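Enquirer: fold the following.
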Amino acid sequence: MADLTVTSSMFGDGETIPGKAAHSYAGGDNVSPDLSWSGAPDGTKSFAVTCYDPDAPTTVGFVHWVLFNIDPGTTKLDAGAGASGKQPKGSVQGFTDWGESQYGGMAPPPGDDPHHYHFTVWALDTTLDLDETTTYAKFNFMTRGHVLAKGTVTGLYKSG
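Expert: I've put the predicted structure just below:
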């Protein structure tokens, strides 16, 4: 599998994510960060973006974003693209652990060490015949054997 290079102008890999990307529950503005990527291999038919926090105290982590069927000509998402209705044309926002089909920002429990938020871009050899009820688990299952490349930028966030 090839590697994509994924970056954000809001934070670097291993750096702190600005509070405006945090969930309103944690005092943020719930604005998904901008993302850019490069290195997609030939045969890419769509991209997907996920955000996952493995540090959440749930035994299975916490999913903050599932976005798929992004046009293969796309190489970036603007900040806020995770809001309902703001995603790229033709793409689908899947279901997060916030219980919504849109980006849901960070809100680690007060007192926790900083959590790691993995923003992953996936290059797929297909588009997915799935809808807005698609969970992260279903996304991972349905993309098995279809991932041509992926890359991750990881940001940190700690509640006030």
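Enquirer: name the nearest residue to Gly82, sequence neighbours excluded.
Expert: With sequence-adjacent residues excluded and distances taken as Cβ to Cβ, 6 or more residues apart in numbering, Gly82 is closest to Tyr103, at 2.5 Å. The way it works is simple: take the backbone N, C-alpha and C, and place the C-beta from them, glycine included.
Enquirer: which SS class is that neighbour?
Expert: Under the three-state scheme (DSSP: H, G, I helix; E, B strand; the rest coil), Tyr103 adopts coil.
Enquirer: which other helices and strands does the lowest-mean-pLDDT helix or strand in the chain contact?
Expert: Every helix and strand of the chain was ranked by mean pLDDT, DSSP states H and E. The lowest is strand 2-3, at a mean of 92. Counting contacts by 3 or more Cβ pairs under 8 Å, 6 or more residues apart in numbering; DSSP states H and E, strand 2-3 packs against strand 147-157.
Enquirer: output the contacting helices and strands for the strand it packs on.
Expert: The contact analysis (3+ Cβ pairs under 8 Å, 6+ apart) places strand 147-157 against strand 2-3, strand 5-7, strand 115-124.
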